[in-house]
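A.B. asks: using only what follows, build the 3D model:
(chains A and B)
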Protein chains: 2
Amino acid sequence: MSETSTAVPGPTATQPGPAAEAAALDAADPLRAKRAEFVLDDTVYLDGNSLGALPAAVPGRLADVVRQEWGTGRIRSWMEAGWWEAPERVGDRLAPLIGAPPGSVVVSDSTSVNVFKAVVAAVRLAQQDSADRREILVDATTFPTDGYLAESAARMTGCTLRAVPAGRMPAEAGPGTAALLVNHVDYRTGELADLAGTTAAAHRVGARVVWDLCHSAGALPVDVEDHGVDLAVGCTYKYLNGGPGSPAFLHVRPDLADRFDSPLPGWTSHADPFAMSFSYAPGEGIARGRVGTPDILSLLALEEALTVWEGVDVHAVREKSLALTDFFLRCLDAHVPAGLLRVVTPREHHRRGSQVSLACDDAGSVMERLIARGVVGDHRRPDVLRFGFAPLYTSFAETERAARVLAEVLAEGRG
Amino acid sequence: MSETSTAVPGPTATQPGPAAEAAALDAADPLRAKRAEFVLDDTVYLDGNSLGALPAAVPGRLADVVRQEWGTGRIRSWMEAGWWEAPERVGDRLAPLIGAPPGSVVVSDSTSVNVFKAVVAAVRLAQQDSADRREILVDATTFPTDGYLAESAARMTGCTLRAVPAGRMPAEAGPGTAALLVNHVDYRTGELADLAGTTAAAHRVGARVVWDLCHSAGALPVDVEDHGVDLAVGCTYKYLNGGPGSPAFLHVRPDLADRFDSPLPGWTSHADPFAMSFSYAPGEGIARGRVGTPDILSLLALEEALTVWEGVDVHAVREKSLALTDFFLRCLDAHVPAGLLRVVTPREHHRRGSQVSLACDDAGSVMERLIARGVVGDHRRPDVLRFGFAPLYTSFAETERAARVLAEVLAEGRG
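C.D. replies: Reported below is the predicted structural model:
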């Protein structure tokens, strides 16, 4: 099987191989105990890149937040239960997963809203250095919301927006570039962009970079500090398992925080919120990324969800992620007759996130039939099947089963 | 007791009167059964204008959302459990409380973020009619976040921002005015602005009005449709009891929806979200107010919280609210020695929300001592005590007790 087609022996000849290999890989998996910290069932859930599974500790914690902190503590809980500081506290808990230092991440609002904050702030940072910078670059295959918000940011800051492939960003950024907005992992293809190289190239021409980490946070080491990333945003409901629509994060490089000029300066980002001053004075540090009253129920559910990361090395997560996706591709080689699938995701490790995207005929129907047989991925129009591998809870046995069932479905479609 | 001072007989002379009156008023209260639908205790909770009490049905519903819809349904719940449509569905549930028609309210994001959407959209609407409109008016005593976001909206749309007293808005709006942003109830004084008159005056000069209903939604009839309000925003965690930081609402007058040009066009407001198009095409109707992925846990907790309004006439709520605040003022007349308190909130019904604000010396310390004795209001610097009356769960007996305990605290302070 190549990048563009499958070319393998028939399924039955090699079936015992993958299943036995899966058992051995699971037995040797240093993260295997983590699976027990999630609510799972017989379904092979390969859609954790869209909505992460429920961490088992969340329901109890959330019930306590509702009944005790809200029900009994009521207004006092803003201070006594630590609600007020939750956006920064949860940000600090998340920070190590993206290689960010303490005090540089805040959890607040949706990813979309944070994209707007970050892109506008990046343009303003660049223009503080040189007012002539009037162009924003966005990767041409961006998740749509990033493009829409970047367009709005361009419109509202007097910039133009230009779409270029993520891989071309280093070459396209120039002296007129204010900001780059790049998806670290392409949501559709699963391709991993070159964060280090693109960031360095942007900095060489004096531009600022905003990374969208939705599909990499919790799936692979990001190392925003090591690479000097200016700004980053990401969601918390995929590999971070925060729950449907859980609040997103915003990272601002600490040395830029006092120049972070938000387009959404709300009362909770004020230097003295309870002075209730008519004029705005931004708070210090990452608090500037806050806007309105934090959404406590979702925020504290996320906080509890993040406890599953205690003691987990994100490099071990990456190692398992690559092993799972490699194994999935090998199982497809073993099970799927040639010509039925095209592997969309790059094979090279350094170009792959934690997802495998496959193109086939009748992809929507194929995914429906897969789901009916207990293998859950998702479908992106027109022809892409996406399978996300969440290393904390996905086993090699499930991976092998997913490939096998997919092969069956495809074979039926052909037969 | 007048607007500016208390002038009453000594406390003991009239004490039996208010307590007996409270009992009679509670017995005759048509909303008294609603109290059982909330989690309450011995505390007199008069801070529902800041964070509403917990509706008793919420913990069970939220547990079900977490365990069943997220834990078991996972990604399928976006469609099968109705998560995707929740922002509009919860908006429709809320709409009658502000007199808005179905399909004109969406629940999404924080109030602050909605203020930004609404003010920018109001400016664009006004400028679609006349490009020369370049001024935004905001009420001079606005809740701070509104002013900060209006300032940002002005900066990003090439407008200027001018602060004028809410009561002066009709006189100050002119042919250069693009938008007015007005707080329906002043968060500090409890004064109710003239929604009908201000909206009509704005429309006479061709300006658009954004009303902030944070302190009126669920406390009094708003009738946005009857008064032709262009845009409105508000929070859901005060009189609507949605929980700490629960998502806010945005109302767009239906005939303006197809001209609503959001500064935050996210993927969930796209005409065909799952086409994942690079170019933005706004959805129809109120869906344009959406941005990112909806925050489901908080949204569905709010949806359950709103069930307490079934069968409740908001006019009856207003009637009880005025009766409670009138009674509180009468009890203060009866209990508090002259000269110790100044009533900040206007006495006239048509100028009062559902809150009584009082000014006194050492207000911070007075509130601390009140809370220690089981009467919870809040303090706004420098000298204001705020007492919010949530008619669904506040009793006249509690109101009388609050006034009596306040009188005791004030008398001790003097003694």
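
A.B. asks: how long is stretch A:129-146 from one end to the other?
C.D. replies: With C-alpha to C-alpha, to the nearest Å as the measure, stretch A:129-146 spans 25 Å from end to end.

A.B. asks: hmm, it touching chain B?
C.D. replies: Yes - legend: contact between stretch A:129-146 and chain B by C-beta under 8 Å from any C-beta of the partner chain is shown at A:A140, A:T142, A:F143, A:P144, A:T145. C-beta here means a position set from N, CA and C on the backbone, and glycine is covered the same way.

A.B. asks: quick one: which of the residues you listed is nearest chain B?
C.D. replies: Set against chain B, the nearest of the residues of stretch A:129-146 next to chain B by C-beta to the nearest C-beta is A:T145 (3.8 Å).

A.B. asks: list of residues touching the helix or strand containing that closest one?
C.D. replies: Using DSSP states H and E, A:T145 sits in helix A:144-157. With C-beta atoms under 8 Å, 6 or more residues apart in numbering or on different chains as the test, helix A:144-157 has contacts from A:111-112, A:115-116, A:119-120, A:123-124, A:127, A:136, A:138, A:142, A:159-161, A:163, A:178, A:181, A:183, A:212, A:263, B:156-157, B:262-268, B:270, B:273, B:276-280, B:291-292.

A.B. asks: which of the residues you listed count as buried?
C.D. replies: A:111-112, A:115-116, A:119-120, A:123-124, A:127, A:136, A:138, A:142, A:159, A:161, A:163, A:178, A:181, A:183, A:212, A:263, B:156-157, B:262-268, B:270, B:273, B:276, B:280, B:291-292 (16 or more other C-beta atoms under 10 Å in any protein chain shown).

A.B. asks: now, those that are in strands?
C.D. replies: Under the assignment DSSP state E, those contribute A:I136, A:V138, A:L161, A:A163, A:A178, A:L181, A:N183, A:D212 to strands.

A.B. asks: closest to B:V224 among those residues?
C.D. replies: B:V224 lies nearest to A:L161 out of those, by C-beta to C-beta, at 35.3 Å.

A.B. asks: so that closest one touches A:A140, yeah?
C.D. replies: No - applying C-beta atoms under 8 Å as the test, A:L161 and A:A140 come out as separate, 11.2 Å apart.

A.B. asks: what does the stretch 151-300 of chain A put close to chain B?
C.D. replies: A:151-152, A:156-157, A:163, A:188, A:235, A:237, A:243-248, A:262-268, A:270, A:273-280, A:291-299.

A.B. asks: now the strands for the stretch 201-350 of chain A?
C.D. replies: A:208-212, A:231-234, A:249-252, A:342-343 (DSSP state E, counting those that start in this stretch).

A.B. asks: other residues contacting the longest one?
C.D. replies: Outside of strand A:208-212, the residues within contact range by C-beta under 8 Å, 6+ apart are A:111, A:115, A:118-119, A:122-123, A:125-126, A:142-143, A:146, A:178-184, A:195, A:198-199, A:202-203, A:222, A:224, A:229-234.

A.B. asks: count the neighbours of A:A179 for me.
C.D. replies: 33 (other C-beta atoms under 10 Å in any protein chain shown).
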